[in-house]
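Structure for the following, please:
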Amino acid sequence: MGTANDGQQRAAGPESGADGTPTDLYSFAVRLRRMNGEINRLVHGFAAEHGLHPTDIQALAAIMDADEPMTPGRLRQHLGLTSGAVTACVDRLERAGHIRRVRESADRRVVHLHYAADARSAARSYFRPLAAATEAARAQFSEAELAVVLRFLTAMNEELGTVGPGAR
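Below you'll find the predicted structure:
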């Protein structure tokens, strides 16, 4: 995302906001990497505490955030895993009580993955400090500023969704 050379270029004349805060690519790269690292630290802790893999937590987030019921096939595509790896992941999550498989009534071959209600309370409890930190950060901004931040995050996620592994 950014290199030492980027830092030299940044020092020569960075783009900046009205308050002087740098808004160049390097500044975004550094802050996004740091946020990603902090969130990963929390996710790895939750995974270890619950005997899960970090990929399992990614799967849980995908299941929880899906606009429609998640299927193992869609989960495989989302995570970029093989069907065998997704089966193992779903098996671990089901054994641990985090998800449940539900057969579609109209077509018994279709399996939907649902986040288990009991698991939500464990996740809420563990991630409560993350929610508190998010709320503390949000409180520092106006509603208009938060709308811009959400617009940026939405656009960033959409752009990242178009980038494949190893893309240059």
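
who does the longest helix anywhere in the chain touch, helix- and strand-wise?
In the chain, with assignment by DSSP state H, the single longest helix is helix 25-49. The contact analysis (3 or more CB pairs under 8 Å, 6 or more residues apart in numbering; DSSP states H and E) places helix 25-49 against helix 4-12, helix 54-65, helix 117-138. Where you see a C-beta, it was placed from the backbone N, CA and C, and this is true even at glycine.

what ranges of this structure fall below the confidence cut-off?
Within the chain, the segments meeting pLDDT under 70 span 1-14, 165-168.

Please identify the deepest-packed of the helices and strands packed on helix 25-49.
Of all the helices and strands packed on helix 25-49, helix 54-65 has the most neighbours on average by mean count of other CB atoms under 10 Å, namely a mean of 18.

Quick one: work out the angle between that helix and helix 117-138.
Angle, helix 54-65 to helix 117-138, by axes from the mean of the first three to the mean of the last three CA atoms, to 10 degrees: 90 degrees.

roughly how far out does helix 54-65 sit from the chain middle?
Centroid separation for helix 54-65 versus its chain: 8 Å, with CA atoms, centre = their mean, to the nearest Å.

pull the CA atoms of it into CSV?
The C-alpha trace of helix 54-65 is given here as CSV (Å, rounded to 0.1, in the frame of the first residue of the first chain):
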residue,chain,number,x,y,z
PRO,A,54,-9.3,-16.5,12.0
THR,A,55,-10.9,-17.6,8.7
ASP,A,56,-13.8,-18.9,10.8
ILE,A,57,-14.4,-15.4,12.1
GLN,A,58,-14.3,-14.0,8.5
ALA,A,59,-17.0,-16.6,7.7
LEU,A,60,-19.1,-15.6,10.7
ALA,A,61,-18.9,-11.9,9.7
ALA,A,62,-19.9,-12.9,6.1
ILE,A,63,-22.9,-14.9,7.4
MET,A,64,-23.9,-12.1,9.8
ASP,A,65,-23.6,-9.3,7.2
